[in-house]
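**Student:** Quick one, fold the following:
(one chain, ligands or ions: 3)
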Amino acid sequence: MQIAQVIVDVPTRQTNEPYSYEIPANFDGQVQPGMRVQVPFGPRKVTGFIVGLTDHSDFDGKLKKISGLVDLSPVITPELLKLSEWLAGQTFSFKISCLQTMLPGGMRTKFKKKLLTDNQTKAAYPEIFHGENEINYDQQKFDNQTIGKILTLRKADKIKVHYELSNHSKPMLVKAFQSKLTPTQIDEALATISKRFVSQSRLLQILKDQRDLPLQQAWLSKKGVTSTTLETAVKRGWVDETRVRRIRNPFLQPVKKSYPLALNDDQQSAVDRINRAIENQANTTFLLEGVTGSGKTEVYLQAMAHALKTGKTALMLVPEITLTPQIVGRIRSRFGDQVAMLHSAMSSGERYDEWQRINDGQAKVVVGVRSAIFAPLENIGLIIMDEEHDSSYKQTETPRYQTRDVAKWRAAYNHCPVVLGSATPSLESRARAMKGVYELILLPHRFNNHALPHVSIVDMKDEMARSRNILSKKLADLVDDRLAKHEQIILLLNRRGYSSFIMCRDCGYVPQCPNCDISLTMHKDTHTLNCHLCGHKEPIPVVCPKCHSKRIRHYGIGSQQLEEQVKEMFPKARVLRMDVDTTRKKGSHEAIINKFGAHQADILLGTQMIAKGLDFPEVTLVGVLNADSALQFPDFRSSERTFQLLTQVSGRSGRADKQGEVVIQTFNPDHYAIQLAKTQDYEKFYQTEMQIRHIGKYPPYYFTVKITGSSPSEKQTAYEMHQIAHFLRRYLTNQAIILGPTPKTIKRINNRYFYQIIIKYRQEPHLKDVLDKILTTSQTKERKGLLISIDNEPLDFM
Ligand SMILES: Nc1ncnc2c1ncn2[C@@H]1O[C@H](COP(=O)(O)OP(=O)(O)OP(=O)(O)O)[C@@H](O)[C@H]1O
Ligand SMILES: [Zn+2]
Ligand SMILES: [Zn+2]
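**Tutor:** Ligands and ions are numbered 1, 2, ... in the order given. As a prediction, the model looks like this:
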């Protein structure tokens with residue numbers, strides 16, 4: 001008898017131990033770890049993941065049988081199964097949540113299975129395929145014997161299983177044209193046709209650049225190629241007509257092929273070191289510290305190409321906001337159709353398609369955001385994390401993993417190097433590089449030795465005494481100067497912890513959320529006051545609810561008001577705004593970037609979104625309007641974040657031949673994070689900040705864990721959290737520092753009360769056991785409304 005070990009999905013009874021189930025005889029030998037099954041659990045049927053197979057069980061009673069198969073082939077690779085175990089331990093979460101996190105969103109909900117096969121198998125198994133190459137599995141109601149047969153064929157690779165997401169609109173096929181000409185033939189054709197045939201020569205020009213991919217007719221016609229020309233082209237044998245899937249997603253558009261650039265010495269030595277590690281299958285972690293504009297991307301591309309050359313695959317991670325069509329274009333132009341893209345701006349159907357291509361082994365390069373670290377890519381030869389310091393790499397929900405740690409785990413498993421890249425590495429990574437745990441690679445100069453921008457600081461305290469303008473005189477003068485020279489400008493409004501709110505001028509009343517301890521934010525576009533934490537919305541009052549005064553005013557500035565002011569100050573300038581409101585629609589982010597890139601606008605203003613990764617040669621002025629809004633946070637990382645943001649955004653200026661300038665407006669001109677951002681001196685910042693961390697006993701000198709508890713009753717939350725703190729004090733050594741419990745900075749969210757405990761430690765041999773115990777005990781408390789979560793190495797302490 002074969003027995004499957006199954007991690008079941010029962011939200012109220014989560015455990016990390018698998019349950020044993022008997023495998024029905026028909027499926028014997030065919031089910032594999034990594035497949036999902038239906039199993040009886042108490043009175044219900046639940047879904048579970050097979051994590052192992054054995055032939056005996058220690059369970060005395062009669063085992064229950066697997067009642068159905070959710071998958072016909074594994075959806076979790078053996079590597080990812082192993083990873084899920086480690087991840088559960090590392091993040092103090094249950095294996096079931098780790099396994100689910102690894103699947104693309106759509107596969108966790110509703111889908112139908114489709115079986116695809118070849119002609120031979122189709123003919124040999126009429127009872128399955130009824131003469132078709134493609135059938136809908138779920139409609140057939142196969143018996144177990146037939147399912148057994150299907151499993152055997154699937155395992156022998158005679159059948160492929162694909163999922164159709166129910167909300168997945170059918171791919172639409174459209175007319176496209178594929179070039180049949182070699183580059184020489186194109187040149188010959190161009191030489192012979194008359195100049196009068198504009199559309200024909202345009203087509204040939206396009207074919208010259210993009211011979212490899214079929215080109216959609218709609219796209220060609222936008223470029224001025226008429227349908228008559230296309231008919232002629234088919235007749236003359238220039239192109240073949242085909243049909244391709246219509247692509248609406250800007251991340252998947254065809255791009256022009258590009259070739260490796262000649263590297264400078266620093267880039268070359270970086271590539272050499274990484275390539276050597278790839279060849280030697282060395283599990284080295286490199287920290288690639290390169291100033292803004294030093295050409296890190298080209299290093300990544302060439303090292304990835306080398307991994308492919310040695311027969312391996314490559315995985316590249318990018319923060320959400322820098323995974324713009326600009327960077328995607330650069331990668332796809334180099335690697336073409338071998339690239340799979342995982343981005344949250346894609347629909348779940350599109351993401352599923354990409355996941356399938358990776359799972360089928362068609363994609364050799366995966367580029368994506370945080371969750372792409374779980375791509376079912378095999379045989380990995382290189383993992384890259386661009387902007388490794390970025391906070392979006394930390395997942396803020398269960399399982400609360402740090403992508404960097406998962407990347408290192410996968411690299412160790414695959415015997416390959418990891419490259420962590422940044423202009424402003426996290427202190428944790430830099431400290432490890434200093435200790436020799438990571439290998440440090442420096443790119444100290446901008447590409448072509450372009451100078452770093454010149455940065456000046458404007459003290460807004462002085463400025464405010466003179467005028468209420470949000471742009472200082474210095475910045476406004478420089479904007480005028482750039483507009484006159486026809487150069488481009490970026491203006492950053494730092495919105496972290498900053499929002500516009502309304503207040504009564506007479507009694508000082510500020511509307512609060514009824515469910516949370518936070519004031520409501522004004523949204524001018526929808527004319528509402530919104531709560532950012534629970535989603536509560538209400539109309540903007542015209543009279544004060546407290547004193548009935550009509551003198552209700554709003555405070556703080558949003559990017560929308562900034563746009564109005566800027567347009568008023570510079571009526572001739574063409575202004576683009578990029579923030580959450582203007583980028584909500586699919587493709588709008590790209591549209592703004594393209595427009596600015598084509599110099600159809602002079603000023604790009606926006607929030608954090610514009611700070612990173614963008615590469616526009618015409619930008620010679622960057623203005624930061626409120627540098628210090630993040631400094632006021634009661635969080636030991638606020639200086640680090642401010643320094644990183646200012647350095648990153650400054651790095652957008654003067655990337656090509658013209659000298660760049662940056663103006664930082666601040667109320668704290670003497671703060672070291674701002675002073676050192678002015679000189680863009682990462683080294684000095686690192687030294688200064690490390691001393692502060694040392695004195696304050698913070699990371700990277702200490703490890704940290706945050707325990708958060710919440711319930712609808714403040715009394716209950718506080719009581720339970722005190723119990724936990726007692727427990728910790730009793731079982732940890734007296735070296736451990738236990739802070740709290742204290743109410744969180746925002747104590748009440750959505751009518752739940754939040755308290756937290758922070759543990760700081762250097763070595764605590766029993767910590768893991770103690771926390772596991774807290775996690776397990778919390779399961780019984782959960783029924784009483786108390787939720788406990790444990791965050792290993794949290795990024796925020798508020
Ligand atoms: N070897 C090369 N040959 C020609 N141009 C290059 C080369 N390497 C980099 N560049 C150019 O230099 C500019 C900066 O490179 P890149 O955008 O990769 O910098 P980066 O290090 O990623 O900077 P940031 O951290 O600011 O994003 C780009 O315009 C890029 O095309
Ligand atoms: Zn009032
Ligand atoms: Zn609220």
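**Student:** What's the first helix or strand after the longest helix along the chain?
**Tutor:** Using DSSP state H, we find that the single longest helix of the chain is helix 714-731. As assigned by DSSP states H and E, the chain's next helix or strand after helix 714-731 is strand 737-749.
**Student:** So which other helices or strands are in contact with the helix or strand following that following strand?
**Tutor:** Following strand 737-749 in sequence order, the next helix or strand is strand 752-761 (DSSP H and E). Under the contact definition 3 or more CB pairs under 8 Å, 6 or more residues apart in numbering; DSSP states H and E, strand 752-761 sits against strand 703-711, helix 714-731, strand 737-749. For glycine as for every other residue, the C-beta is placed from the backbone atoms N, C-alpha and C.
**Student:** How is the protein partitioned into domains?
**Tutor:** Domains of the chain are assigned by automatic domain parsing as 3-165, 173-245, 265-447, 450-497+558-695, 703-792.
**Student:** pLDDT of the last one, averaged?
**Tutor:** Pointing back at domain 703-792 there. Domain 703-792 shows a mean pLDDT of 91.
**Student:** With the first one instead?
**Tutor:** On average, the pLDDT along domain 3-165 is 85.
**Student:** just so I know, which of the domains of the chain lies nearest C531?
**Tutor:** Among the domains of the chain, the nearest to C531 by CB to CB is domain 703-792 (8.8 Å).
**Student:** The protein against ligand 2: which residues are in contact?
**Tutor:** Selection of the chain residues close to ligand 2 by CB under 5 Å from the ion yields C504, D506, C507, Y509, C544, K546, C547, S549.
**Student:** Which of those residues are buried? Put it as a ChimeraX command.
**Tutor:** The buried residues among these can be selected in ChimeraX (16 or more other CB atoms under 10 Å) with this line:
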select :504,509,544
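**Student:** The residues of the chain next to ligand 2: which ones sit near ligand 3?
**Tutor:** Within the residues of the chain next to ligand 2, nothing lies near ligand 3 by CB under 5 Å from the ion.
**Student:** So which of the residues of the chain next to ligand 2 belong to strands?
**Tutor:** C504 (DSSP state E).
**Student:** Closest one to E279 out of the residues of the chain next to ligand 2, please.
**Tutor:** E279 lies nearest to Y509 out of these, by CB to CB, at 67.8 Å.
**Student:** which stretches of the stretch 1-150 of the chain form helices?
**Tutor:** 78-91, 95-102, 119-124, 126-129, 144-155 (DSSP state H, counting those that start in this stretch).
**Student:** quick one, which of the ones you listed is packed in tightest?
**Tutor:** Mean neighbour count (mean count of other CB atoms under 10 Å) peaks for helix 95-102 among those, with a mean of 22.
**Student:** Let's see stretch 451-458 as CSV, backbone CA atoms only.
**Tutor:** Output in CSV follows, covering the C-alpha atoms of stretch 451-458 (Å, rounded to 0.1, in the frame of the first residue of the first chain):
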residue,chain,number,x,y,z
ALA,A,451,30.1,63.4,-13.1
LEU,A,452,27.6,62.7,-10.3
PRO,A,453,25.1,65.6,-10.0
HIS,A,454,25.8,68.7,-8.0
VAL,A,455,23.5,68.7,-5.0
SER,A,456,22.5,71.8,-3.0
ILE,A,457,20.3,72.0,0.1
VAL,A,458,17.7,74.7,0.7
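**Student:** can you pull the pLDDT of whatever residue of the stretch 301-450 of the chain ends up closest to ligand 3?
**Tutor:** Minimum separation of the stretch 301-450 of the chain from ligand 3 (CB to the ion) falls at T396, amounting to 17.6 Å. The model reports T396 with a pLDDT of 89.
**Student:** Ramachandran coordinates for it?
**Tutor:** For T396, the backbone dihedrals are phi -100, psi 0 (criterion: degrees, to the nearest 10).
**Student:** by contact count, what packs against the longest helix of the chain?
**Tutor:** Using 3+ CB pairs under 8 Å, 6+ apart: helix 714-731 touches strand 703-711, strand 737-749, strand 752-761, helix 767-782.
**Student:** what's the offset of the next helix-or-strand element following the last one from the middle of its chain?
**Tutor:** Later in the chain than helix 767-782, the nearest helix or strand by DSSP H and E is strand 787-792. What separates the centre of strand 787-792 from the centre of its chain is 22 Å, taken as CA atoms, centre = their mean, to the nearest Å.
**Student:** ok, which residues in the stretch 151-300 of the chain are in contact with ligand 1?
**Tutor:** L261, A262, L263, Q267, G290, T292, G293, S294, G295, K296, T297, E298 (CB under 6 Å from any ligand atom).
**Student:** and which of these is nearest ligand 3?
**Tutor:** T292 (37.8 Å).
**Student:** Excluding chain neighbours, what is closest to the most centrally placed residue in the chain?
**Tutor:** With distances taken as CA atoms, centre = their mean, V369 lies nearest the centre of the chain, 2.8 Å away. Nearest non-adjacent residue to V369, counting by CB to CB, 6 or more residues apart in numbering: E320, 5.0 Å away.
**Student:** Show the contacting residues for the one you found.
**Tutor:** Taking CB atoms under 8 Å, 6 or more residues apart in numbering as the criterion, E320 is in contact with S344, V369, R370, S392.
**Student:** what's around N751, how many residues?
**Tutor:** 10 (other CB atoms under 10 Å).
**Student:** which element is the nearest residue to it once chain neighbours are set aside on?
**Tutor:** Excluding its sequence neighbours, the residue lying closest to N751 (CB to CB, 6+ apart) is N515, at 5.0 Å. Following DSSP H and E, one finds N515 outside all helices and strands.
**Student:** mind pulling up the phi and psi values for N515?
**Tutor:** According to degrees, to the nearest 10, N515 has phi -100, psi -20.
**Student:** how much space between it and I746?
**Tutor:** 11 Å (CB to CB, to the nearest Å).
**Student:** neighbour-wise, which of those two wins?
**Tutor:** N515 (16 against 13).
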